[in-house]
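# Got a predicted structure plus its sequence, pasted below:
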Amino acid sequence: MKKIVILGAGTAGTMMANHLHHELDKKEWDITIIDEREKHYYQPGYLFLPFDMYEPEEIVKEIKDFIPKGVQLLSGKIEKINAAGNLVQMENGDQLPYELLIVATGAKIAPEETEGMKGKEWQQSVFDFYTFEGALALRDKLRQWEGGRLVVHITEMPIKCPVAPLEFAFLADSFFKHKDMRSKVDITYVTPLSGAFTKPKATAALDHLLHEKNITIESDFAIAEVDNENKKIIDYGGREIPFDLLVTVPTNKGDELMERSGLGDDLNYIPTNKATLQSQAYPNIFVLGDASNIPASKAGSVAHFEAEILTENIKHFIKGEPLKEEFDGHANCFIETGNGKALLIDFNYTHEPVEGEFPFAGIGPLRLLKESRMNHMGKLAFKWIYWNVLLRGTHIPFVSATMQESGKHFSAT
């Protein structure tokens, strides 16, 4: 029996376990998935938890409930990947040989990378919302916070879900309005980018929304330290931004396992072919989700599209056939803008977000790069789709893994 080992039972790893279980000959291939956790977290829910829009139990379930029968789920910490020897070495001393390795170990926050960030004000007046614990602690803080200077901050790119900090700022504006205390809160959005987002057309739309909602943007801010004593963040040029409440997105890094295994770059992301999702160093290792260094957004939709394409490429690899260079960096993201509305953006490596209709040209019903309540309902509906469709490896009709140009209003050149 040949062995496939999947590292990580988060979004990407769970989808791959289901896809491969459906597609491969069960008499020929044995599939094992490994994770040190027992709980699966719906990470898009972290955005809503601080604002009491979700209950904790809505975004936490048992990993085992989403792993198909016939796939072995192994709980434990991985010590090292011996890529040359085709072995996964567990912390308890066990060794798992493989013919094929799929790495889906994700990304984690690293607040310790910034001086003072994880100082005495951590989870007192300095919070993250990229972890379940951080989002929950921030919820408790916001329930009793009386106002002041709220700073929403990104340390450096890349980060998981690049639009999430913007969404937090927009939802904070809405949250404080509904509490009749918006006049008591000054919101500043601080980014290392030159604008609100990485793509020009989306940046223009999002910058307009920030201005409309009276949210100050501080761009090109390269943070050097968090000053806990004086409650301010300082960039390398000496610029200072004071805060009463700092909601920060720390440096994101790949799993430390990659450093121990000699497989990652400076941020522990694995160098990966951006079109085939094959490791650049080892042909029998494939990488998807947040674990790779490809220039696509680190978002759940990207992992979804990657999983569909990677499943086909693994079938090609097993047969000794050339891999298809099909992944185009497709990302599809709802952006909460507050007050029950959201934007939708759809883009890839070569096409930036533009206006249009999705998923059907001329029909929609969703509108691209335009605020609407329908987009907001789509964002909320995604939670059900995530738990009941995506994780189980079920294809969503009418949503292609590669970006479709129909329905998009591209400017004439």
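Nice, thanks for sending it over.
# Low-confidence regions, the protein specifically.
Counting by pLDDT under 70, the ranges of the chain that qualify are 412-413.
# can I see the domain layout of it?
According to automatic domain parsing, the chain comprises the domains 2-108+253-318, 109-252.
# Tabulate these (a markdown table), appending distance to residue 402 and mean neighbour count.
C-betas here are computed from N, CA, C, even on glycine. As requested, the domains of the chain are exported to a markdown table (distance: least, Cβ to Cβ, whole Å; neighbours: other Cβ atoms under 10 Å):
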| stretch | distance to residue 402 | mean neighbour count |
| --- | --- | --- |
| domain 2-108+253-318 | 7 | 19 |
| domain 109-252 | 18 | 18 |
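# could these be laid out in a markdown table, adding distance to residue 368?
Shown next, in a markdown table, are those (distance: least, Cβ to Cβ, whole Å):
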| stretch | distance to residue 368 |
| --- | --- |
| domain 2-108+253-318 | 14 |
| domain 109-252 | 10 |
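# Nearest to residue 371, out of the ones you listed?
domain 109-252 (7.8 Å; Cβ to Cβ).
# ok now the closest one, how far from the chain's centre?
17 Å (Cα atoms, centre = their mean, to the nearest Å).
# distance between the ends of it?
Taking Cα to Cα, to the nearest Å, domain 109-252 runs 5 Å from one end to the other.
# Residue 394 is nearest to which of the domains of the chain?
domain 2-108+253-318 (8.1 Å).
# what about the closest one, start to end distance?
Domain 2-108+253-318 has an end-to-end distance of 11 Å (Cα to Cα).
# again, but for stretch 209-222
By Cα to Cα, the extent of stretch 209-222 from end to end equals 23 Å.
# now swap in stretch 288-306 and tell me
6 Å.
# Residue 231 and residue 125 touch, don't they?
Yes. With contact defined as Cβ atoms under 8 Å, residue 231 reaches residue 125; the gap is 6.4 Å.
# shared neighbours, those two?
Taking Cβ atoms under 8 Å, 6 or more residues apart in numbering as the contact rule, the neighbours common to residue 231 and residue 125 are 243, 244, 246.
# Quick one: residues contacting the first one.
I take that to be residue 243. By Cβ under 8 Å, 6+ apart, the neighbours of residue 243 are 125, 149, 150, 151, 188, 231, 232, 233.
# Tell me which two in those are the farthest apart.
Across these, no pair lies farther apart than 125 and 188, at 14.6 Å, counting by Cβ to Cβ.
# residue boundaries of the helices in the stretch 101-250 of the chain?
Shown for the stretch 101-250 of the chain, the helices assigned by DSSP state H, counting those that start in this stretch span residues 132-144, 164-178, 200-212.
# between the second one and helix 200-212, how many degrees?
Using axes from the mean of the first three to the mean of the last three Cα atoms, to 10 degrees, one finds that helix 164-178 and helix 200-212 are set 20 degrees apart in direction.
# can you check the first one too?
If you take the same axes, to 10 degrees, helix 132-144 sits at 30 degrees to helix 200-212.
# Only alpha carbons, please: show helix 132-144 as CSV.
Coordinates of each C-alpha in helix 132-144 appear next as CSV, following Å, rounded to 0.1, in the frame of the first residue of the first chain:
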residue,chain,number,x,y,z
PHE,A,132,-9.5,32.3,18.7
GLU,A,133,-8.0,33.4,22.0
GLY,A,134,-7.2,36.9,20.8
ALA,A,135,-10.6,37.4,19.2
LEU,A,136,-12.4,36.2,22.4
ALA,A,137,-10.3,38.5,24.7
LEU,A,138,-10.9,41.4,22.4
ARG,A,139,-14.7,40.7,22.5
ASP,A,140,-14.5,41.0,26.3
LYS,A,141,-12.6,44.2,26.1
LEU,A,142,-15.0,45.8,23.6
ARG,A,143,-18.0,45.0,25.8
GLN,A,144,-16.7,47.4,28.4
